[in-house]
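[1] model the structure of this input:
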Amino acid sequence: MFAFYVLALVCLVAFWRGHLSITPALRLAWPVILSLLLLMAWMGVQFILPEPYGTWEPHATLLQMQKTLMYLCIFCLVLLLIRGQPELELLCWVIVVGGCLQVVIKIVTDSPGTYINRNHFAGYLEMGLALALGLMISRLDGSSAVGWRESVRRWLNTFLSAKVLIRILIITLVVGLILSRSRMGNTAFFGALLVSGFFALYAFRGSGKSITLFFVSILIVDIVLMGAFFGLDKLQDRFEELNVAEDSRLYQSEITTEMLKVHGLTGIGAGAYYTAVPTYRDERIGAFFIYAHNDLLQLPLELGVPGSLFLLICLGYSFVLALRAQLLRRNVFMKSMGFASTMGLMSLLIHSSADFNLQLVSNAGTFMLLLAIPFLAMSLNRRRSR
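    Numbers count the residues shown, from 1 in each chain. So this is what the prediction gives:
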């Protein structure tokens, strides 16, 4: 957290001294920046107001304000410092390779990478996979080969290009996602891939055949073949063992919904869930839950109507811009980044209906990167600007 504050301060000094200028992407993102600032202001109001209108846990709300400021710094720094396609591509490579390193740690140590929870491990891989798919789509050639010589040349170029490396990274991430045994993580990934894939087929009409073959290869090679080798049947067993009627997380969601009906207007205070939930617990919940295991319910409960509205503006504006980037940009890489953001945001939001990925700093910070990418995709040129 401190490192992002320092980097933001350095950028402010550079801007004040004329060494750094505001980028078009940062100007385009003013509604998101304003919404995050208003969200922090609302948390400040919750901190000041007395109960039952204010926060139930002032210290936790103050900590959430600090985290929100950090997320704002991440968002602005990405838009300010990435000034061309090569830099954005490098950033995507860093996230993808980082996900693959998590998978390697998982395989070597038989643990969820550097994460404690398998679902958080899966959540990071979902976002990494979205960016990896975007990198791969940006390199697909939609034209048809003329003659066998052209076909051979394309095959050779494929094996000698970065496509093979990206394909290996995608397979690694898919294997890691299967090995996580996260039911909602896998469901969210495949659901987001299906929905965003259909939209991509429409948006990339000139390369529809190559993209279709690529998605089919993901389903056949990555999921069926690699999944069979790395234990897809064990993941299937976890789905079969799921008893919805006795799932404590379902009870937790019911309790959170009841609390939302009572405190949903002004909220209980950012980060105050663990303080308020014991008064609503019953015998169905055996363990102590710090989080609701459902960010789509916990965040509105904590932030109330004003805070939820500010979050919806951030998500909605970025998501719509990601769709527009796929439809309007002629640069294939920028269109692909729009797809990556669309799929990554959709996947983690689906997953958040049964977990708390957005409460984890590493995953929430990566989520902010996905929120920033559409603004870059709509404003960046192929080359780096000064």
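
[2] remind me, longest helix of the chain?
    Under DSSP state H, the helix in the chain containing the largest number of residues is helix 295-328.

[3] if you count contacts, what does that helix end up packed against?
    helix 30-48, helix 183-203, helix 248-263, helix 273-276, helix 332-351, helix 361-379 (3 or more C-beta pairs under 8 Å, 6 or more residues apart in numbering; DSSP states H and E). C-beta: built from backbone N, CA, C; applies to glycine.

[4] list the helices and strands the fifth one packs on?
    Helices and strands touching helix 332-351, by 3+ C-beta pairs under 8 Å, 6+ apart, are helix 85-109, helix 118-137, helix 183-203, helix 295-328, helix 361-379.

[5] quickly compare those helices and say which is most buried.
    Most buried of the helices and strands packed on helix 332-351, by mean neighbour count (mean count of other C-beta atoms under 10 Å): helix 118-137, with a mean of 27.

[6] for stretch 48-60, output the C-alpha coordinates as CSV.
    Extracted in CSV, the C-alpha atoms of stretch 48-60 (Å, rounded to 0.1, in the frame of the first residue of the first chain):
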residue,chain,number,x,y,z
ILE,A,48,-18.3,10.5,11.3
LEU,A,49,-22.0,9.6,11.7
PRO,A,50,-23.1,7.9,15.0
GLU,A,51,-24.8,4.5,15.0
PRO,A,52,-27.1,3.2,13.7
TYR,A,53,-26.6,5.5,10.7
GLY,A,54,-22.8,5.5,10.7
THR,A,55,-20.2,2.7,10.8
TRP,A,56,-20.4,-0.1,13.3
GLU,A,57,-16.6,-0.4,13.3
PRO,A,58,-14.7,3.0,12.8
HIS,A,59,-11.3,1.4,12.6
ALA,A,60,-12.3,-1.0,9.8
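
[7] residues contacting it, please?
    45-47, 61, 263, 266, 268-272, 274-276 (C-beta atoms under 8 Å, 6 or more residues apart in numbering).

[8] which two among those are spaced furthest apart?
    Pairwise distances across the contacts of stretch 48-60 (C-beta to C-beta) peak at 21.1 Å, for the pair 45 and 274.

[9] out of the helices and strands in the protein, which is least certain?
    Comparing helices and strands within the chain by mean pLDDT, DSSP states H and E singles out helix 147-160 as the least confident, with a mean of 55.

[10] next SSE after that one?
    Tracing the chain past helix 147-160, the next element assigned as helix or strand by DSSP states H and E is helix 162-179.

[11] average pLDDT across that following helix?
    Mean pLDDT, helix 162-179: 88.

[12] report the buried residues of that helix.
    Under the neighbour-count criterion of 16 or more other C-beta atoms under 10 Å, helix 162-179 has 163, 166-167, 169-179 buried.

[13] now it against helix 85-109, angle please.
    40 degrees (axes from the mean of the first three to the mean of the last three C-alpha atoms, to 10 degrees).

[14] chain center to helix 162-179: distance?
    Centre-to-centre, helix 162-179 and its host chain are 18 Å apart (C-alpha atoms, centre = their mean, to the nearest Å).

[15] for that helix, which helices and strands make contact with it?
    Partner elements for helix 162-179 (3+ C-beta pairs under 8 Å, 6+ apart): helix 85-109, helix 118-137, helix 183-203, helix 226-229.

[16] among the ones you listed, which is nearest residue 360?
    Closest to residue 360 of the helices and strands packed on helix 162-179, according to C-beta to C-beta: helix 118-137, at 5.3 Å.

[17] what packs against that closest one?
    helix 85-109, helix 162-179, helix 183-203, helix 208-217, helix 332-351, helix 361-379.

[18] re earlier: rounded mean pLDDT for the longest helix of the chain, please.
    95.

[19] that helix to helix 30-48, inter-axis angle?
    If you take the same axes, to 10 degrees, helix 295-328 sits at 170 degrees to helix 30-48.

[20] circling back to that earlier point, closest to residue 88 among the buried residues of helix 162-179?
    Looking across these and measuring by C-beta to C-beta, the closest to residue 88 is residue 166, at 15.2 Å.

[21] dump the contacts of stretch 48-60 into a markdown table; add distance to residue 351 as well.
    Output for these, formatted as a markdown table (distance: C-beta to C-beta, whole Å):
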| residue | distance to residue 351 |
| --- | --- |
| 45 | 30 |
| 46 | 27 |
| 47 | 30 |
| 61 | 25 |
| 263 | 25 |
| 266 | 28 |
| 268 | 24 |
| 269 | 25 |
| 270 | 21 |
| 271 | 21 |
| 272 | 23 |
| 274 | 21 |
| 275 | 25 |
| 276 | 24 |
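
[22] list buried residues within those residues.
    Neighbour-count burial (16+ other C-beta under 10 Å) is assigned, among the contacts of stretch 48-60, to 46, 47, 61, 263, 266, 268, 269, 270, 271, 272, 275, 276.

[23] got any ranges where the chain has weak pLDDT?
    The model of the chain has pLDDT under 70 over residues 141-161, 207-208, 221-248, 282-288, 382-386.

[24] switch the cut-off to 80
    Residues of the chain meeting the criterion pLDDT under 80: 1-2, 51-52, 141-162, 206-212, 216-250, 280-289, 381-386.

[25] does the closest residue to residue 271 other than its chain neighbours lie in a helix or a strand, and which?
    Nearest residue to residue 271, sequence neighbours excluded (C-beta to C-beta, 6 or more residues apart in numbering): residue 60, at 3.4 Å. For residue 60, the host element (DSSP H and E) is helix 58-81.

[26] rewinding a little: for residue 361, which of the helices and strands packed on helix 162-179 is the nearest?
    Residue 361 lies closest to helix 118-137 among the helices and strands packed on helix 162-179, at 10.5 Å (C-beta to C-beta).

[27] distance from that closest one to the middle of the chain?
    Worked out by C-alpha atoms, centre = their mean, helix 118-137 lies 8 Å from the chain centre.

[28] tell me the angle it makes with helix 162-179.
    Interaxial angle, helix 118-137 versus helix 162-179 (the same axes, to 10 degrees): 160 degrees.

[29] only alpha carbons, please: show helix 118-137 as CSV.
    C-alpha atoms of helix 118-137 as CSV (Å, rounded to 0.1, in the frame of the first residue of the first chain):
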residue,chain,number,x,y,z
ARG,A,118,-8.3,-22.0,-3.3
ASN,A,119,-11.0,-19.6,-4.5
HIS,A,120,-8.7,-16.6,-4.3
PHE,A,121,-6.1,-18.5,-6.2
ALA,A,122,-8.7,-19.4,-8.8
GLY,A,123,-9.8,-15.7,-8.9
TYR,A,124,-6.4,-14.5,-9.9
LEU,A,125,-6.0,-17.2,-12.5
GLU,A,126,-9.4,-16.2,-14.0
MET,A,127,-8.1,-12.6,-14.6
GLY,A,128,-4.8,-13.9,-15.9
LEU,A,129,-6.6,-16.2,-18.3
ALA,A,130,-8.7,-13.3,-19.6
LEU,A,131,-5.5,-11.3,-20.4
ALA,A,132,-3.8,-14.3,-21.9
LEU,A,133,-6.7,-14.9,-24.2
GLY,A,134,-6.7,-11.3,-25.2
LEU,A,135,-3.0,-11.5,-26.1
MET,A,136,-3.6,-14.6,-28.2
ILE,A,137,-6.6,-13.2,-30.0
